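Undergrad: Sequence first, predicted coordinates after that:
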Amino acid sequence: MRPGIILPRVSEALHIPLVIVGAGAAGLAAAIAAGEADPDLHPLVLEKNDQPGVKLLISGGGRCNVTADASAREVADAFGTGGKFLMNSLGAFPPDRIRQWLEEEGVPTHVEPPRKVFPDSGKARDVVEALLTRARRAGARISCGQAVTALSKEGNLWKLDTAKGPLIAERIILTAGGASYPKTGTSGDAYAWLEALGHTLPPLRPALVPWSVPLPWVRDLSGLTLEDATVTLDVKGHPTERGGFLFTHQGISGPAPMNLSRHLPPASKGPFRILLDPMPDVEEKSLPEMIRAWRLPIPARLAEALRPEGKPMHWTRAQLLETARHLKAVPIQPAAPMGYDKAEVTQGGVALSEVDPKTMASRKVPGLFVAGELLDLDGPIGGYNLAAAWATGWAAGQGATL
């Protein structure tokens, strides 16, 4: 048994004041908040996996990008229309609070470009162990290998059917995660429970995903990275993202393309056309002379792949200008977003109008609190989604003790 984890013996009708479903980022934050607010509460956290924090353990390539080096307002703004909802919880639990928590548990952190926060050790497990230590000190109990198979409200109490037997709870915090990365146990079970309880859920789709592109020239560039590129989705509004870009054996990935997947048109499955600008700081009007000599500020492999037929040195001004326009908007099509098995988050979730932004309490069902990826919130890559998970989990934990 991992140090700090208490596995309670579950009887046929164990009565618990507060049960938290899911021991991920939001669930652990909720457990700590509830336990610290009420030392006699001893919240019980149910986790279907054999260990807590599985998604945290693989995040950031096993290093865990714990949050963004940004203010509460900057994080909220990154969530677009959901930012207004987040401001209450981020104000109470700002992005740097998790860094303070980790520092207090002996896990210092640092910032890496652009604004990513990682533990100095480079080990996600240190982050999880620090949270477990704090949760244990707050009196939380964590039971692993205890999947919830059914959830229902009976009068003022909750009935949970679990892998280790039934439970009765006075209050429930759902932090079971979305449908992204199902190999970590986040299979989206809680969405059906929430709908059955009367909550409204917009259509769900994978977000922050790489793109599948069946083009030989893209596949041939597999492994090539652009430190800074701009990508535009060729749909109404032409949403654009800027950042790192990676060619893969399946298509394209990296922060810019993955962030672009958040802007897909509703109910559209594609395929789509993506326009790549591999040199966003170079003005189009400056390119003709570079093209004539074919000396471009991009990696040689990419320059070779984009090299036009013929000899640019002999081209007319019109031909040079047309090539310049092409290089500032290289078409990548057909491009299709990959599925949940590659997604970092789930887009969609419980409608924010149905949740109290201060406490994460359901406005539909008394005694129910919802936090983390189950909410209709999704932010960009870079620790923003974890910042929201910590904050909404903290709000739910405190709210459940009021």
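TA: In hand now; what should we look at?

Undergrad: Poorly predicted segments of the stretch 1-150 of the chain, please.
TA: For the stretch 1-150 of the chain, applying pLDDT under 70 flags the ranges 1-13.

Undergrad: Return stretch 187-194 as CSV; C-alpha atoms alone will do.
TA: What follows is stretch 187-194 as a C-alpha-only set of coordinates in CSV (Å, rounded to 0.1, in the frame of the first residue of the first chain):
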residue,chain,number,x,y,z
SER,A,187,-13.9,7.1,-19.6
GLY,A,188,-16.5,9.8,-19.2
ASP,A,189,-18.9,7.7,-17.0
ALA,A,190,-19.9,10.8,-14.9
TYR,A,191,-21.4,12.5,-17.9
ALA,A,192,-24.3,10.0,-18.1
TRP,A,193,-24.8,10.3,-14.3
LEU,A,194,-25.0,14.1,-14.6
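
Undergrad: What mean pLDDT does it get?
TA: Mean per-residue pLDDT for stretch 187-194: 93.

Undergrad: Can you list the buried residues in that stretch?
TA: Along stretch 187-194, these residues count as buried under the neighbour rule (16 or more other CB atoms under 10 Å): 187-191, 193-194. Just so you know, the C-beta spots here come from the backbone N, C-alpha and C atoms, and that holds for glycine as well.

Undergrad: what does stretch 206-226 give?
TA: Within stretch 206-226, the residues that qualify as buried by neighbour count (16+ other CB under 10 Å) are 206-213, 218, 221, 224, 226.

Undergrad: Please narrow those to those residing in strands.
TA: Here DSSP state E is the test, and the buried residues of stretch 206-226 give 206-207, 211-212, 226 as lying in strands.

Undergrad: Show me the domain layout of this protein.
TA: Here the chain is described, according to automatic domain parsing, as comprising the domains 14-205+346-399, 211-337.

Undergrad: Please identify the most buried of the ones you listed.
TA: Counting by mean count of other CB atoms under 10 Å, domain 14-205+346-399 has the highest mean neighbour count of the domains of the chain, with a mean of 21.

Undergrad: Contacts for stretch 59-72 next, please.
TA: Contacts of stretch 59-72 with the rest of the structure, by CB atoms under 8 Å, 6 or more residues apart in numbering, involve 56-57, 74-75, 78, 87, 90-91, 94-96, 98-99, 102, 109, 111, 115-119, 122-124, 127-128, 382-384, 386-387, 390.

Undergrad: Just these: which are in strands?
TA: The subset of the contacts of stretch 59-72 that ends up in strands is 109, 111, 116-119, with DSSP E as the criterion.

Undergrad: For residue 256, state which of the residues you listed is nearest.
TA: residue 116 (14.8 Å; CB to CB).

Undergrad: Nothing else from me, thank you.
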